[in-house]
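Enquirer: Using only what follows, build the 3D model:
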Amino acid sequence: MQGSVLVIVLVTLVLTAFALTAFLNKASSDLIVAAREADARRLRSEAYSALEVTLSVLSCFNQTVGALRSPAEGWGDPLTFADWKPGEGHTVEVAFEDESGKISLPNVDNATLLAVFDVWEIQPLDAQKLADALLGWMKPNYTPTGTFTPDYDQATLPYAPPGRSLRSFDELAAIDVARDMFYGEDGRPNELWHRFADTFSLLSYRQPNINSARPDVLAALGQFDATQQQHLNDYVSGAGAYEAKGPQYFRSVTDAATILGQGNPAVFGTQISALRIHITVHDGRAVYQLNTVVTLPGQQAAQTVQTNATNPASGASATTNPTPTANAAPANNAARANNPGARAGGRGGAAAGAANANGTSAASLNYPFTVLEISENNDPTPVAPPPKPAE
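Expert: Alright, predicted model coming up:
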């Protein structure tokens, strides 16, 4: 009898221990989530304050110089320039990435794609199939140059090409040929996917900026060899033969021609069309990231993809939404709604449109920039479906 009671007591203790352990694990996870949300709310205002200071500095330089070309103009450290300091215990880092140093994908043509794929040493037949697949996805009523024939209607869930440019690089997972070339067997983006994303921009603008052009862009569009690219890199970074002069930038493509020699610099511009601003706020182990893409009004202004998908079943043609005005600060909300690539962890558009939350007309703000994209604490790139097995 005593042995039975002892067994019951031991079983009860074991079950209690399991229940307590499960409760503690659940409570620990809930506390971590709550702590991270509290950190995000606390650091978020600091990040947006730093963003406003950064944009103010950029606006001052733009008004003084007449354009933004490169951080070498003096705006590379905007917070120090403005003598702005974050709250006690916080550190804020600001980094810039010229999105217009890439090729504008919405304006790309077959010849440009083939030139890039040639630099990547893709076989000509495969390069033409890939170019046809991409252009067939992006251009309504596109006629393939080669023998490529998509089979989207044979998929488990049939679908049709949208007839507009990519709004997210994740769309590559749905494009025939591209799906097999840009993703590994595990369904994750491979090196070629990352190279594609580093060479092409989802935004629409006239010309890449030669001051920040990627190596593949220089090779494919400018036809510059490795030696010329090294000269350019040394010039803009203040290295090698230009170390004594410090970082430089080109004010015109004529200036670039004197440094680079033979090639095709005329296809480039020298102004920034779309500037990506990375702001990181640290408070101990808590980190908050804010990434924003802005453009200035004018001929070099960039735009998001705002063309609706074509419905081939009904014969409807693609229509275009009105372009956001250059002085409308809350335009980022509309841009985000039309750009799945601008992920904000469920919170990104809230503060961005706060300036218009009181019902004030956006145009009355006279904001010097158009915000094309905002993302906060970027989500990781999702895994694509695995490629179809060979038949």
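
Enquirer: Could you list the low-confidence segments of the protein?
Expert: Low-confidence segments of the chain, defined by pLDDT under 70, span residues 1-3, 5, 23-24, 26-39, 308-365, 379-391.

Enquirer: Distance from the chain centre to the helix ranked longest in it, please.
Expert: When the chain is scanned for its longest helix (criterion: DSSP state H), the result is helix 2-65. Once both centres are worked out by CA atoms, centre = their mean, to the nearest Å, helix 2-65 turns out to sit 27 Å from its chain's centre.

Enquirer: and what of stretch 245-253?
Expert: Here stretch 245-253 is found 26 Å from its chain centre; the criterion is CA atoms, centre = their mean.

Enquirer: just checking, what packs against the longest helix of the chain?
Expert: Applying 3 or more CB pairs under 8 Å, 6 or more residues apart in numbering; DSSP states H and E, one finds that helix 2-65 contacts helix 78-81, strand 91-98, strand 275-283, strand 286-295, strand 370-376. C-beta coordinates here come from the backbone N, C-alpha and C atoms, glycine included.

Enquirer: helix or strand for the residue nearest to D109 when sequence neighbours are not counted, which one?
Expert: Taking CB to CB, 6 or more residues apart in numbering, and ignoring the residues beside it in sequence, D109 has L135 as its nearest neighbour in space, at 7.9 Å. Secondary-structure assignment from DSSP states H and E places L135 in helix 124-138.

Enquirer: so what secondary structure elements neighbour the helix or strand just after that helix?
Expert: Along the chain past helix 124-138, the next helix or strand (assigned with DSSP H and E) turns out to be helix 178-182. Taking 3+ CB pairs under 8 Å, 6+ apart as contact, the helices and strands that helix 178-182 lies on are helix 124-138, helix 191-199.

Enquirer: any idea which of those is most buried?
Expert: Mean neighbour counts were taken over the helices and strands packed on helix 178-182 using mean count of other CB atoms under 10 Å, and the top value, a mean of 20, falls to helix 124-138.

Enquirer: Please identify the most buried of the helices and strands packed on helix 2-65.
Expert: Most buried of the helices and strands packed on helix 2-65 by mean neighbour count (mean count of other CB under 10 Å) is strand 370-376; its value is a mean of 25.

Enquirer: by contact count, what packs against that strand?
Expert: For strand 370-376, the packing partners by 3+ CB pairs under 8 Å, 6+ apart come out as helix 2-65, strand 286-295, helix 331-337, helix 348-352.

Enquirer: Report the angle between that strand and strand 286-295.
Expert: Counting by axes from the mean of the first three to the mean of the last three CA atoms, to 10 degrees, strand 370-376 points 160 degrees away from the direction of strand 286-295.

Enquirer: what lines up beside strand 370-376 in the sheet?
Expert: According to DSSP bridges, strand 370-376 forms sheet pairs with strand 286-295 (antiparallel).

Enquirer: Give me the contacts around the strand it pairs with.
Expert: 36, 39-40, 42-44, 46-48, 50-51, 55, 58, 99, 203, 205, 273-281, 301-303, 326, 332, 369-378 (CB atoms under 8 Å, 6 or more residues apart in numbering).

Enquirer: Please apply the same query to stretch 42-55.
Expert: If you take CB under 8 Å, 6+ apart as the criterion, stretch 42-55 is touched by 78-79, 82, 84, 86-87, 90, 92, 94, 277, 279, 281, 283, 286-290, 292, 294, 351, 368-369, 376.

Enquirer: That one: which residues count as buried?
Expert: The neighbour-count check on stretch 42-55 (16 or more other CB atoms under 10 Å) flags 43-44, 46-51, 53-55 as buried.

Enquirer: hang on, P208 packs against G101?
Expert: Yes: with contact defined as CB atoms under 8 Å, P208 counts as touching G101 (6.0 Å).

Enquirer: Return every residue with contacts to both of these two.
Expert: Residues touching both P208 and G101 (CB under 8 Å, 6+ apart) are V217.

Enquirer: of these two, who's got more company?
Expert: When neighbours are counted by other CB atoms under 10 Å, P208 and G101 differ, and P208 comes out ahead with 26 against 23.

Enquirer: Would you map out the domains in the protein?
Expert: Following the assignment in automatic domain parsing, the chain carries domains at 32-98+272-376, 104-267.

Enquirer: Using JSON lines, lay out those together with distance to S4.
Expert: Formatted as JSON lines, the domains of the chain follow (distance: least, CB to CB, whole Å):
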{"stretch": "domain 32-98+272-376", "distance to S4": "42"}
{"stretch": "domain 104-267", "distance to S4": "54"}
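
Enquirer: quick one: which of those is nearest V7?
Expert: Distances from V7 to each of the domains of the chain were compared using CB to CB; the shortest belongs to domain 32-98+272-376, at 37.8 Å.

Enquirer: Take the buried residues of stretch 42-55 and write them to TSV, including distance to D118.
Expert: Shown next, in TSV, are the buried residues of stretch 42-55 (distance: CB to CB, whole Å):
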residue	distance to D118
L43	45
R44	45
E46	46
A47	42
Y48	44
S49	46
A50	42
L51	40
V53	44
T54	38
L55	39
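
Enquirer: rewinding a little: now do the longest helix of the chain and strand 275-283, the angle between them.
Expert: Computed with the same axes, to 10 degrees, the direction of helix 2-65 lies at 130 degrees from that of strand 275-283.

Enquirer: any idea of the angle helix 2-65 forms with strand 91-98?
Expert: With the same axes, to 10 degrees as the basis, helix 2-65 and strand 91-98 are set at 60 degrees to each other.

Enquirer: Could you shift the numbering so residue one becomes 43, and keep it that way?
Expert: Fine by me, first position is 43 from now on; the one you just mentioned is helix 44-107.

Enquirer: packing partners for the host helix or strand of L260?
Expert: In the assignment (DSSP H and E), L260 maps to helix 257-262. For helix 257-262, the packing partners by 3+ CB pairs under 8 Å, 6+ apart come out as helix 152-161, helix 233-241, helix 268-279.
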